[in-house]
Every structure is written in C-alpha cells, then in structure tokens.
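Undergrad: quick one, fold the following:
(one chain, ligands or ions: 2)
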Amino acid sequence: MASGKFITFEGIDGAGKSTHIAYVASLLHDRNITVITTREPGGTTLGEKLRELLLHEKMHLETEAMLMFAARREHLAQVIDPALQRGDWVISDRFSDASFAYQGGGRQLERRKLEELEKWVHPHLQPDLTLLFDVPLEVARARLDASRELDKFEQEKADFFSAVRQEYLRRAAEFPNRFRVIDSTKSIAEVHKELEGIISSI
Ligand SMILES: Nc1ncnc2c1ncn2[C@@H]1O[C@H](COP(=O)(O)OP(=O)(O)OP(=O)(O)O)[C@@H](O)[C@H]1O
Ligand SMILES: Cc1cn([C@H]2C[C@H](O)[C@@H](COP(=O)(O)O)O2)c(=O)[nH]c1=O
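TA: Ligands and ions are numbered 1, 2, ... in the order given. Reported below is the predicted structural model:
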C-alpha cells in the first residue's frame, strides 16, 4: 500500500511555524511530491467550526482537550489518513504534540488523560517528522503583537507559554527520532537553509 509522509510543525504562538510551511511545501513540490498543507485545530469543515469555539470560547479544560482530539479525529478521517494512503505527503500546522504542550504543559491536564485520548484517536500513527520552532517567549510575543489580534490562547500569560515551551522541549528530548528543534530566533533566510538540509535528508 502506498504511504506518504506526515510532517508536523509545532511551537509556541508566534514562534514562526506558519511562516515556513509554504517554503517546506515548495521544497517538496520541487521533488515532484504531492503535498497537502493543513492545520489543527481545523483542516475540515467541522474542524474549522470547532476551531472557532476552541480559540474564542471559555470552557472546562477537559472539554478543551476532548474537542481538540475530536477535531483531530475528523481531520484524520477526512484528510490525513486518505492522503497518506494515496501516497501524498501531509504537512500539518500542529498535531497532538500541541495538546500535550498546551493542555498538558500549559494548563496542567494530566499527561495520562492525553495519552488515553491519543491512543483512542490515533493508536498507530505518529508524525514521521516534527519540526519544533523554538524561541524565547519575549521574541514570540513581540512577533505576535506586531502581527494580529490575539485569540484565547495568545492572551495567556508568560508562565503559561513558558510551561508550553518546556513541555515541547521535553517531548523533543523524549522522541529524538522524529523531532528536530529549530532555533527560530534566526532570520527567515537562515531557518530556510536549515529546513533545506532537513528536508533533503528525508
Ligand atoms: N525567523 C523570523 N524572524 C523574524 N520574524 C519572523 C520569523 N519567523 C516568523 N516571523 C514573523 O513573526 C510573525 C509570526 O509568525 P507566524 O505566524 O509564522 O507564527 P506562528 O508560530 O505560526 O504563530 P501562531 O501559532 O500563533 O499561528 C509573522 O509576522 C512572521 O512574519
Ligand atoms: C492543535 C492544538 C492547538 N492548540 C492551540 C495552540 C494555538 O494557540 C491555537 C491554534 O492556533 P494557531 O495560530 O493556528 O497555531 O490552538 C491547543 O491548545 N491544543 C491543540 O491540540
């Protein structure tokens, strides 16, 4: 059976991940690979409706975690699994590592509960490659302030983002085979250079 590759982009809000997705997609196009770019929460009609709620409504932490995984279930069924089965590559702006980092690290939901949801929603799938765009909070915050109106997560305090960043880095250390940590304080051109090296090796 054909099987494409699954690449995820992660980082705290404002780290710069969305900026680099089109570039990585263009590197893959140059290799004649069919690539689908998508995002979480979102990526499907239902997922985008859930995204609106998740990014703007206050809710219980467990509701938030379950809705993230509900949107992900739909995303896998409608977009990710069919694409990988066709042999296409999928680039997703965030996936389950974001739930561990934000609901787990940031909001302190027990990791065990997130692992249960992960086992339920995608027991056999993990990204082939996760690019973690890492920056100090102040850099990310300055980029966000300059660029847009802030959503529910983006309005969180420094302690929250510090915990999110630490959990991302902890997961990168736990899963070194799939994570690549990118120093996103570097210029866009320097990050592109690094991405070229990473992408040419997969
Ligand atoms: N390496 C960089 N150097 C300077 N500015 C950057 C860099 N990377 C991204 N930016 C700028 O920072 C801002 C935020 O970038 P971007 O939207 O890619 O972040 P993000 O990590 O996707 O954030 P979010 O998760 O909130 O969507 C944009 O204005 C972008 O142009
Ligand atoms: C998938 C996922 C996302 N989040 C948070 C992280 C961000 O603050 C927003 C998504 O916004 P972006 O600008 O498109 O990155 O949602 C989360 O808390 N948990 C998740 O599983």
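Undergrad: what about stretch 79-98, start to end distance?
TA: Using Cα to Cα, to the nearest Å, one end of stretch 79-98 lies 19 Å from the other.
Undergrad: stretch 101-113 near ligand 1 at all?
TA: No: Stretch 101-113 stays out of contact with ligand 1 when judged by Cβ under 6 Å from any ligand atom, the minimum separation being 10.5 Å. All C-beta atoms are positioned from the backbone trio N, CA, C, and that covers glycine.
Undergrad: next one: the helix or strand hosting residue 71 to chain centre, how far?
TA: Using DSSP states H and E, residue 71 sits in helix 61-75. Centroid separation for helix 61-75 versus its chain: 14 Å, with Cα atoms, centre = their mean, to the nearest Å.
Undergrad: by contact count, what packs against the following helix or strand past it?
TA: Tracing the chain C-terminally past helix 61-75 and defining elements by DSSP H and E, one meets helix 81-86 next. When contacts are defined as 3 or more Cβ pairs under 8 Å, 6 or more residues apart in numbering; DSSP states H and E, helix 81-86 sits against strand 89-93.
Undergrad: partner strands of the strand it packs on, parallel or antiparallel?
TA: Looking at strand 89-93 with DSSP bridges, its partner strands are strand 6-10 (parallel), strand 35-39 (parallel).
Undergrad: that strand near ligand 1 at all?
TA: No: contact of strand 89-93 with ligand 1 (Cβ under 6 Å from any ligand atom) is absent, the minimum separation being 6.7 Å.
Undergrad: quick one, that strand and helix 61-75 angle?
TA: Interaxial angle of strand 89-93 relative to helix 61-75 (axes from the mean of the first three to the mean of the last three Cα atoms, to 10 degrees): 160 degrees.
Undergrad: near ligand 1, which residues of the protein are found?
TA: 11, 13-19, 143, 147, 184, 186-188, 191.
Undergrad: from those, which are also near ligand 2?
TA: Among the residues of the chain next to ligand 1, ligand 2 is touched by residue 13 when using Cβ under 6 Å from any ligand atom.
Undergrad: alright, that wraps it up for me.
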